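1. build the 3D model from these lines:
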Amino acid sequence: MNTLFLSNPTEKTCFVEFFIPFMILYMTLVEWLMGETNAKKKEGLLKPTDHKWALRKFEDMQKIITTIILSLGILTGLSAQVSLENGDITIYGGSGGSPYSAFGIGDLLPTGFGLQEAFSGTGIGMANAYFVNNTNPASLTSIERPISMIFDLGLNFGMTQTRAEESAPYQPDGSLTNFNLWFRISRLWSSNLGLQAYSKVGYNIVDERYNPSAGGDYSMVYTGKGGVNRIYWGNAWQITPHLSVGGNLNLLFGTIEDAQTFLSDNSLSGFTIKSENHLLGVGWDAGLQYRIPMGKKNLVLGLIYANPINLSSEKTSQLLAVQDTLEQVSIWDEAFRIPKKLGVGFSFKASERLNLAADYTVQPWSEGRLNEDLSLYNTRAFSVGVEFIPNYDKYYGYYQQTLVRAGFRVQDAYLEVDGRQAKQWQASLGIGLPFNRYRNHLNLTYTYMQRGTSSLLETRHQLGLNISLRDVWFVRTKIR
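-> Got it, this is the predicted structure:
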């Protein structure tokens, strides 16, 4: 009889190792720049106006660096706290305690954050004037002037339960999901740089078996951790007052570690096959949006396309016996192929208080390739989202309001469970809270998700946090 146990592998990641050197470097730079500026002023090399301009630019630089430092400091504390309490937090491609992540490059994560997370990933047709929409690169031109820079930082904490039997405990996990920097280059051209988790791997499976030739009862323990990250550079251009186009250049990279351990009461116990897989690939995606004004209402149509991505794999496998390495083999191969993706969507601004959106995407996974001998299925996804301003005040702008959002998503998985294609659905509820004189937003999102079948049902509760900071570089300060 086979018995399945699930838990999270432990992987602790902390910002301290680079946070402290970064802060020391920052303080050194502050002292040097201030000294140089004041020295030149005393020597008469700077005019009063030049001195004020230099101080303004310097303080602008201080604010953005301070923001990053504070973010890293907060995350350092969170990392230490969660590591002590839950024994698990990972940054980029972290573990999630799911047996579904044992295949290929793991669980694929949505590209959207903040607003799109509360919309359950909906955003192909959204053209928001104050929030970055990473689902469709064409939407980057929709940010209204005079906003010239937006910095986004996201993280989430979740509890996942995978039931192969009647009951199973919830396993906690947490991860930093994204850094994103949007900036305006010209009136018709905007750009976007970022780093985010593309996939995550995290599982610990114990399979108990019986075989007389293997000495009777024995166990096979399967563990894995890691994932794939995505660095992207996006650009968008407003071709006409109604049409925008955009695209992203993507670099995928990451490491996935897995191990298979044989445990029994005989002399063969303790043998482990351990693998480390380094992945690398380049791809691109593009999109367009067309806006149709309807008086005070507005309709936006969107389209996205992502090209197939081949991931090169450098895999090193070791056969271990207790502490000894018996054999090591390295293989270079193109083991993975992520298929193309096509999506359409729309958003409709029904009033100053109400925005609606819907997406439909398809991905032919039958054209994809994983390193396992698996049958892959084509996938479809449908999602909807709504944003509502409960206490709308016409004397304040959109970004000064408290925003309530909700979303729903249903999609196919590319894997087979119990002889049929697995399904997944999720529902989200979020709120956007303005702070710092309404210039910035704190976005909180709760998501409930279910995936699989009755024989292997996965349930997840997730809390997402996104901080959106606007115009940090160019806030003018008073010079005394």
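
2. so in this protein, where's the weakest helix or strand by average pLDDT?
-> Every helix and strand of the chain was ranked by mean pLDDT, DSSP states H and E. The lowest is strand 90-91, at a mean of 33.

3. in this structure, which spans are helices?
-> Secondary structure of the chain (DSSP state H): helices at 16-42, 48-86, 115-118.

4. just for this structure, where's the confidence low?
-> 1-97, 164-167, 210-216, 265-270, 322-334, 371-373, 392-400, 436-438, 472-480 (pLDDT under 70).

5. pretty sure residue 457 sits against residue 163.
-> Yes. Between residue 457 and residue 163 there is a contact under Cβ atoms under 8 Å: 4.9 Å. Placement of C-beta: from N, CA and C, glycine included.

6. find residues that contact each of the two.
-> Common neighbours of residue 457 and residue 163 are not found (criterion: Cβ atoms under 8 Å, 6 or more residues apart in numbering).

7. quick one: contacts for residue 311?
-> Per Cβ under 8 Å, 6+ apart, neighbours of residue 311: 105, 228, 252, 279, 280, 281, 334, 335, 336, 337, 338.

8. closest to residue 201 out of those?
-> residue 105 (7.4 Å; Cβ to Cβ).

9. may I have the phi/psi pair for the closest one?
-> phi -100, psi 10 (degrees, to the nearest 10).

10. just to check, it is in contact with residue 256?
-> Yes. Using Cβ under 8 Å, residue 105 is in contact with residue 256, at 6.8 Å.

11. all strands of the stretch 151-300 of the chain, in order?
-> For the stretch 151-300 of the chain, the strands defined by DSSP state E, counting those that start in this stretch cover 171-186, 189-211, 216-238, 243-264, 271-294, 297-306.

12. okay if I get those strands as TSV plus mean neighbour count and distance to residue 362?
-> Output for the strands of the stretch 151-300 of the chain, formatted as TSV (neighbours: other Cβ atoms under 10 Å; distance: least, Cβ to Cβ, whole Å):
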stretch	mean neighbour count	distance to residue 362
strand 171-186	20	25
strand 189-211	20	19
strand 216-238	20	21
strand 243-264	19	19
strand 271-294	18	14
strand 297-306	19	11
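
13. now those strands as a markdown table including distance to residue 126?
-> As requested, the strands of the stretch 151-300 of the chain are exported to a markdown table (distance: least, Cβ to Cβ, whole Å):
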| stretch | distance to residue 126 |
| --- | --- |
| strand 171-186 | 15 |
| strand 189-211 | 15 |
| strand 216-238 | 13 |
| strand 243-264 | 12 |
| strand 271-294 | 9 |
| strand 297-306 | 7 |
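
14. for residue 148, find the nearest of those.
-> strand 171-186 (4.7 Å).

15. how big is the angle separating that closest one from strand 216-238?
-> On the basis of axes from the mean of the first three to the mean of the last three Cα atoms, to 10 degrees, strand 171-186 is oriented at 20 degrees to strand 216-238.

16. for strand 171-186, packing partners?
-> Secondary-structure packing of strand 171-186 (3 or more Cβ pairs under 8 Å, 6 or more residues apart in numbering; DSSP states H and E): helix 48-86, strand 90-91, strand 149-163, strand 189-211.

17. what residues sit buried inside the third one?
-> Think strand 149-163. The neighbour-count check on strand 149-163 (16 or more other Cβ atoms under 10 Å) flags 149-163 as buried.

18. just the angle between it and strand 189-211, please?
-> 20 degrees.

19. I'd like to know which elements strand 149-163 is packed against.
-> helix 48-86, strand 171-186, strand 456-470.

20. the second one: partners in the sheet, and parallel or antiparallel?
-> In the sheet, strand 171-186 lines up against strand 90-91 (parallel), strand 149-163 (antiparallel), strand 189-211 (antiparallel) (DSSP bridges).

21. tell me which of the ones you listed approaches residue 448 most closely.
-> strand 149-163 (10.5 Å).

22. using PDB, write out every CA atom in that closest one.
-> Only the C-alpha atoms of strand 149-163 are listed here, as PDB (Å, rounded to 0.1, in the frame of the first residue of the first chain):
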ATOM      1  CA  MET A 149       7.900  57.000 -12.000                       C
ATOM      2  CA  ILE A 150       6.200  54.100 -10.200                       C
ATOM      3  CA  PHE A 151       8.000  51.600  -8.000                       C
ATOM      4  CA  ASP A 152       6.200  48.400  -7.000                       C
ATOM      5  CA  LEU A 153       7.200  45.800  -4.400                       C
ATOM      6  CA  GLY A 154       5.200  42.700  -3.800                       C
ATOM      7  CA  LEU A 155       5.200  39.700  -1.400                       C
ATOM      8  CA  ASN A 156       2.800  37.100  -0.300                       C
ATOM      9  CA  PHE A 157       2.200  34.600   2.500                       C
ATOM     10  CA  GLY A 158       0.100  31.500   2.100                       C
ATOM     11  CA  MET A 159      -1.200  28.300   3.700                       C
ATOM     12  CA  THR A 160      -1.500  25.200   1.400                       C
ATOM     13  CA  GLN A 161      -3.300  21.900   2.200                       C
ATOM     14  CA  THR A 162      -2.900  19.000  -0.100                       C
ATOM     15  CA  ARG A 163      -5.300  16.100   0.700                       C
END
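
23. going forward, begin numbering at 39 instead of 1
-> Shifting the count to begin at 39 puts that one at strand 187-201.

24. distance to residue 479 added to the strands paired with strand 209-224, as JSON lines?
-> JSON lines is the format used below for those (distance: least, Cβ to Cβ, whole Å):
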{"stretch": "strand 128-129", "distance to residue 479": "23"}
{"stretch": "strand 187-201", "distance to residue 479": "10"}
{"stretch": "strand 227-249", "distance to residue 479": "17"}
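
25. who wins for proximity to residue 412 among the ones you listed?
-> strand 227-249 (15.4 Å).

26. re earlier: and the strands of the stretch 189-338 of the chain: which comes nearest residue 401?
-> strand 335-344 (8.5 Å).

27. ok, residues contacting that closest one?
-> 162-165, 173-177, 321-330, 378-389, 399.

28. list the beta-bridge partners for residue 200.
-> Going by DSSP bridges, residue 200 forms beta bridges with residue 496.
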